[in-house]
Structures are given as C-alpha cells and as structure tokens.
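In: just the structure for this:
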Amino acid sequence: MVLRSRTQRLRSLPVNSLIPNILTILALCAGLTAMRFALAEKWQLAVVAIIVAAILDGLDGRLARLLKGTSKFGAELDSLSDFVSFGVAPGFVLYRWNLAELGGVGWIVVLAFAVCMALRLARFNTALDDPNKPSWAANFFTGIPAPAAGGLALLPLMLSFQYGGVFFRMPAVAAVFTVFLSFMMVSQIPTYSFKKLRVRREYVLPVLLVVGLAAAVLASYPWLTMTVLALVYLASIPLSVRSFRRQVAAKEGPEEGAGEAVKTDKAGK
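Out: As a prediction, this is how the structure comes out:
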C-alpha cells in the first residue's frame, strides 16, 4: 500500500518539474563520465565533464524556479547528483591522476573530500527549512558550495595543462589543496551566492558584451581562463567575509538601538 502511494506520487509529477530533473540527471551522467575518462587517463576530458556537470547543476535549479517546477523529489535528486559529480568524481580523478602515488595518505585525502562534501550538502539541505534565516543571508553560502569545490579541486590539473612542469603534478600539492577545500566546505566561512544577483537595465548590454568576450577567451585559452576564474573566486572569499560582517552589523545596529530606547523609556517611568 505504501509502495503504491509512493508510485502514484511519482507518476503525478507535472511536466514542468521533469525538465529540471532531466538536467540534474545529465549532470550526474557527466560526473560519472568524468570517472570513465579518468580510467582511460583522458585527463582533459575528465575535467571538461565535471565542468559540464557544474554548468548543468547551475541551470537546473534556476530552470525549476522559472518553470515553477520545484519539488522535494527534485531537491533530493539534486543533492545525490551533487555528491557524485562534485564529491566522488573529482576525488576519483585526482586519485587516478597522482594521489595514488601517496598510497594510503592519498586515499584518506579522497575520502575526506567526499565525506566533507556529504556533510556540506546535508547542512545545506537542513538550512533550507530554517524559518529564522534573514532575507539578506540568501546572498551568501556557508562554506564553499559543492559545484565550486568540485571545480576548484581540479585546479592542479588545469595548471598542469596550462603550464606543465613538475610542481603542479606533485601529489603533495594536490593533497594539501584538496584538504584545504575539504575544510572550506564544512567551515562557517561565508562565501558569495549569486542566485539573487540582479543586473540593472542600463548594464544589460555591457554585461552581455563582457560575457561574449569571456566566451571568446575561454574558447581560445580554456585552461588559462578556467584557472583565472578559479583564482578570482578564491580571492573573493575574504571580500565575502567582509561583506557578510557588514550586513550582520547593519542588522544588529538598529536592533541594539531599539533595545536601548526601550530601556531608556522604562528607566524614565
């Protein structure tokens, strides 16, 4: 009886909710395909597959909100896809690339990354139901989000594609950087969220021009462009912390002032 009711609920999903879920499944397939490329030692294709998964992951949520097709099923599917595509797949690629040379230590690094990814996603899902979350907090993530962490983990590979050399291929470099990302995922450090980003009307054409130029540069110098974007994101973290603290102070300031006013009124009475 329970199984029948669950089946009926799945069958009653509206069409507009299926389109975002299809993108989520495609992102999952891209992450799994990255692991296949890693087994074949096609490192550049493995990195591209995970980047494609990140792009699809960014589109599915926005499309779901645009089509009003959000659902609990879609949210759960998205979390599972994120864990595989950005927690398991990047770690597997790194392990096959050079972390296996560290033996057990390399495997521990991969496990730590995957576990921290799972914890980060679980924390994110529980925070969605927090009724006390202020509206301005939607502009920030707590820690590095899953797609960003999965892409950043591949930075040593992208640097080796662009510059070659021995340093970026050293297993210790990849291990230390992966551990750093693992910590950042489960940390309380605020990072920018661009979900609520709005472009003013007068800036639409300049933004489109910049996007077009960026696409041209990406097509001409893919690994250099991806490396620059990754470094810019890392450099934005201190700025996001500063912006977060300012907004917290701006919110607490009026509340403290109101509290002092109440105390003064009571004292006057």
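In: sec struct for Thr70, please.
Out: Under DSSP: H, G, I helix; E, B strand; the rest coil, Thr70 falls in the coil class.
In: low-confidence ranges in the stretch 1-150 of the chain?
Out: 1-15, 69, 129-137 (pLDDT under 70).
In: quick one, strands of it?
Out: Ranges of strands within the stretch 1-150 of the chain are 140-142, based on DSSP state E, counting those that start in this stretch.
In: ok, and the closest non-adjacent residue to Ala89?
Out: Gly31 (4.2 Å; C-beta to C-beta, 6 or more residues apart in numbering). From N, CA and C alone the C-beta is placed, and that goes for glycine too.
In: check contacts around that neighbour.
Out: 49-50, 53, 81, 84-86, 88-89 (C-beta atoms under 8 Å, 6 or more residues apart in numbering).
In: any idea how many residues pack against Ala230?
Out: 18 (other C-beta atoms under 10 Å).
In: how near is it to Leu26?
Out: 23 Å (C-beta to C-beta, to the nearest Å).
In: ditto for Ala249
Out: Look at Ala249 and Leu26: by C-beta to C-beta, they are 42 Å apart.
In: and if you look at Gly87?
Out: From Gly87 to Leu26 the distance is 18 Å (C-beta to C-beta).
In: the two: who's more crowded?
Out: Taking neighbours as other C-beta under 10 Å, Gly87 and Leu26 compare with Gly87 leading, 26 against 17.
In: against Ile25, how distant is the residue nearest to that one when sequence neighbours are not counted?
Out: Among residues not flanking Gly87 along the chain, Met117 sits closest, at 3.1 Å (C-beta to C-beta, 6+ apart). Distance of Met117 to Ile25, computed by C-beta to C-beta: 19 Å.
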